[in-house]
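Asks: Next come a sequence and a model predicted from it.
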There are 2 protein chains.
Amino acid sequence: MRQDTRLSRLLHVLLHMAQTDAPMTSQQIAVMLGSNAVVVRRIMAGLRDGGYVEAERGHGGGWRIIRRTDEITVLDVYRSLGSPDLFAFGFSNPKPPCLVEQSVNATIEDTIQTATTSILGQFGALRLSQIEAEVRDRMPPLG
Amino acid sequence: MRQDTRLSRLLHVLLHMAQTDAPMTSQQIAVMLGSNAVVVRRIMAGLRDGGYVEAERGHGGGWRIIRRTDEITVLDVYRSLGSPDLFAFGFSNPKPPCLVEQSVNATIEDTIQTATTSILGQFGALRLSQIEAEVRDRMPPLG
DNA sequence: GGGTCGTGTAACTTTACCTATTACATGACC
DNA sequence: GGTCATGTAATAGGTAAAGTTACACGACCC
């Protein structure tokens, strides 16, 4: 199954936007992501509606981050995407008449529930500023 | 993203097979799952190769479970499917030159790693017999 | 041994969803 | 007014599971 890469793309974009004051155009971002300007605008729409970024049109326009990186968590970004499915597996029939299938569903559901709590908990605890700090760790020393 | 329902289907089938001595044909199973006999044979192939079920051809043939339900874990069934991806999200470029993207990937990877451990741990601890017990809990009392 | 029933598999189609592309309207600046 | 940029609809592409068709192989029954 093809994976949804929007979350990691958005994080990538936001961190770059945080590094500069100048607005970035969708086209610039698209090149950075190896993607397409329209795709970029599409996935940025949620962040704009969530109040994390701003878009200006015309000459000198583009996208700008309008919150500090310690005010945005990975969970915020995930929610801006509309909280897409986290898991690649699930069950076909949500309300089966068969008791056996009900139990199987309950079992899978329980696992998914536990893992969801774990993942969203991690996302919620992770601020963009922490990823920024990790970037600095990866930077080779200057001079 | 469409979800992979093979795991829950296999569990469902195995538990029904454990309830009877007579072999079940792919067609019977397909009706049970609201699916197709060829699809059933396809997803059962891994269980057969893993030594959990046996298939006999011809008159009176079909699928039979050849292990006790307390000898099979959900993890075994999952592995029989070839350990498919658990998560619907991921990153596009596994080895990006960009330091920022590297950090984002590491962050996502860390979350996925933690959640994978949690999920596979739960799968490994869950025997089919435990799901059977849950089915009994759901049964209305007799008489 | 021919007929029927069942698995085993290959090949193709369908389905669903993210991704990519095209096209065009709208707004902002020079 | 022209150009640059976002906003969005409409359409095509890519991928993987699910569904379908077709047929070979093997086992049982008469």
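Replies: Ah, there it is. Bear in mind that the values here come from a model prediction, so they are computed numbers and not experimental data.

Asks: For residue A:68, which non-adjacent residue is closest in space?
Replies: residue A:129 (7.5 Å; C-beta to C-beta, 6 or more residues apart in numbering or on different chains). From N, CA and C alone the C-beta is placed, and that goes for glycine too.

Asks: Tell me which residues touch the one you found, please.
Replies: When the contact criterion is C-beta atoms under 8 Å, 6 or more residues apart in numbering or on different chains, the partners of residue A:129 are A:68, A:69, A:70.

Asks: Buried among these? Make that a PyMOL selection.
Replies: A single PyMOL command suffices to select whichever of the contacts of residue A:129 are buried according to 16 or more other C-beta atoms under 10 Å in any protein chain shown:
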select buried, chain A and resi 69
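
Asks: Cross the contacts of residue A:129 against helices and list the overlap.
Replies: Within the contacts of residue A:129, membership in helices is found for no residue, as judged by DSSP state H.

Asks: Helix, strand or coil: sort out the residue in chain A that DNA strand C sits nearest to for me.
Replies: When you check chain A against DNA strand C by C-beta to the nearest atom of the strand, the closest residue turns out to be residue A:58, at 2.8 Å. Here residue A:58 is recorded as coil under DSSP: H, G, I helix; E, B strand; the rest coil.

Asks: Residue A:13 and residue A:29 touch, don't they?
Replies: Yes - in this structure, residue A:13 sits in contact with residue A:29. The criterion is C-beta atoms under 8 Å, and the distance is 5.5 Å.

Asks: quick one: buried residues of stretch A:90-107?
Replies: By 16+ other C-beta under 10 Å, the buried positions in stretch A:90-107 come out as A:90-93, A:96, A:98-105, A:107.

Asks: Quick one: residues in contact with it.
Replies: Contacting residues not belonging to stretch A:90-107 are listed as A:108-109, A:112, B:3-5, B:8-9, B:11-12, B:15-16, B:32-34, B:74, B:126, B:131, B:134-135, B:138-139 [C-beta under 8 Å, 6+ apart].

Asks: next structured bit after the longest helix anywhere in chain A?
Replies: With residue count as the measure and DSSP H as the assignment, chain A has helix A:99-125 as its longest helix. Past helix A:99-125, further along toward the C-terminus, the next helix or strand under DSSP states H and E is helix A:128-138.

Asks: How far off centre is that following helix?
Replies: Computed by C-alpha atoms, centre = their mean, to the nearest Å, the separation of helix A:128-138 from the middle of its chain amounts to 16 Å.

Asks: can you check stretch A:69-83 too?
Replies: 6 Å.

Asks: Keeping just the C-alphas, turn it into CSV.
Replies: Coordinates of the C-alpha atoms in stretch A:69-83 are reproduced here as CSV (Å, rounded to 0.1, in the frame of the first residue of the first chain):
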residue,chain,number,x,y,z
THR,A,69,8.1,26.6,16.3
ASP,A,70,7.7,25.9,19.9
GLU,A,71,4.0,26.7,19.5
ILE,A,72,3.3,24.0,16.9
THR,A,73,3.3,20.3,17.6
VAL,A,74,3.5,17.5,15.1
LEU,A,75,-0.1,16.7,16.3
ASP,A,76,-1.2,20.2,15.1
VAL,A,77,0.2,19.5,11.7
TYR,A,78,-1.4,16.0,11.6
ARG,A,79,-4.8,17.5,12.5
SER,A,80,-4.4,20.1,9.8
LEU,A,81,-4.3,17.3,7.3
GLY,A,82,-7.7,16.2,8.6
SER,A,83,-6.4,13.5,10.8
